[in-house]
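Asks: sequence unavailable; structure follows:
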């Protein structure tokens, strides 16, 4: 996984927001798969977000694709860890609805992941290191989606159902086709 310069304040803030989500999700009961998922999320999400935010320190340094490769690896690892706990937690429609609202209320939705990645790509684009035709936001979503999909396939079909994680990470980054023409 990528080395991170974890901002303790940011990590604590993320953990606090996950605890806020827990309050709204638990309403009438505690324990079980929802608590397990939230505990795992509280542990893993701050680190994952710090890896994404650390990209800003790589702007203008090295090769853009080489900078994104550790992100793809970490994303696959993150989703492998978290998805397995999420599935049993969301068997109840009411829990799912409460989770959606809690995510909105805490600001930990998809933008928490895509915003730092898109900001990095936009900064590299301003430096001419990412093609002018590239949409940084869409590319950020595609990288995240590729990581999620790779983890999903491995979780359900097994590690041998597709390319190895390392190969998948390289393919995800390569197929974004970020370099200027």
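Replies: Here it is on my side, so go on. All figures in this text were calculated on a predicted structure; none of them were measured in a lab.

Asks: need the per-residue pLDDT for residue 45.
Replies: The model reports residue 45 with a pLDDT of 91.

Asks: just residue 115 next, same as before
Replies: Among the per-residue scores, residue 115 holds a pLDDT of 96.

Asks: tell me the buried residues in the strand or helix carrying residue 65?
Replies: Element membership for residue 65 (DSSP states H and E) is helix 64-89. For helix 64-89, the neighbour count (16 or more other C-beta atoms under 10 Å) marks 64-65, 67-83, 85-86, 89 as buried. For every residue, glycine as well, the C-beta is placed using N, CA and C.

Asks: please apply the same query to stretch 141-153.
Replies: 141, 143-144, 146-148, 150-151.

Asks: okay, now residue 90: neighbour count?
Replies: 14 (other C-beta atoms under 10 Å).

Asks: what about the nearest residue to it once chain neighbours are set aside, distance to residue 102?
Replies: If the residues on either side of it in the chain are set aside, residue 90 comes closest to residue 96, at 4.9 Å by C-beta to C-beta, 6 or more residues apart in numbering. According to C-beta to C-beta, to the nearest Å, residue 96 and residue 102 sit 11 Å apart.

Asks: again with residue 178
Replies: Distance from residue 178 to residue 102, by C-beta to C-beta: 34 Å.

Asks: likewise for residue 171?
Replies: Counting by C-beta to C-beta, the gap from residue 171 to residue 102 is 34 Å.

Asks: who's more crowded, the two?
Replies: residue 102 (20 against 15).

Asks: and that one, helix, strand or coil?
Replies: helix (DSSP: H, G, I helix; E, B strand; the rest coil).

Asks: from residue 19, how far out is it?
Replies: Using C-beta to C-beta, residue 102 is found at 10 Å from residue 19.

Asks: equivalent analysis for residue 82, please.
Replies: According to C-beta to C-beta, residue 82 stands 17 Å off from residue 19.

Asks: before we move on, which element is the residue nearest to residue 90 in?
Replies: Judged by DSSP H and E, residue 96 forms part of helix 93-106.

Asks: and the helix or strand following that helix with helix 64-89, angle?
Replies: Note on helix 93-106: by DSSP H and E, the next helix or strand toward the C-terminus is helix 110-126. Between helix 110-126 and helix 64-89, the angle formed by their directions is 170 degrees, by axes from the mean of the first three to the mean of the last three C-alpha atoms, to 10 degrees.
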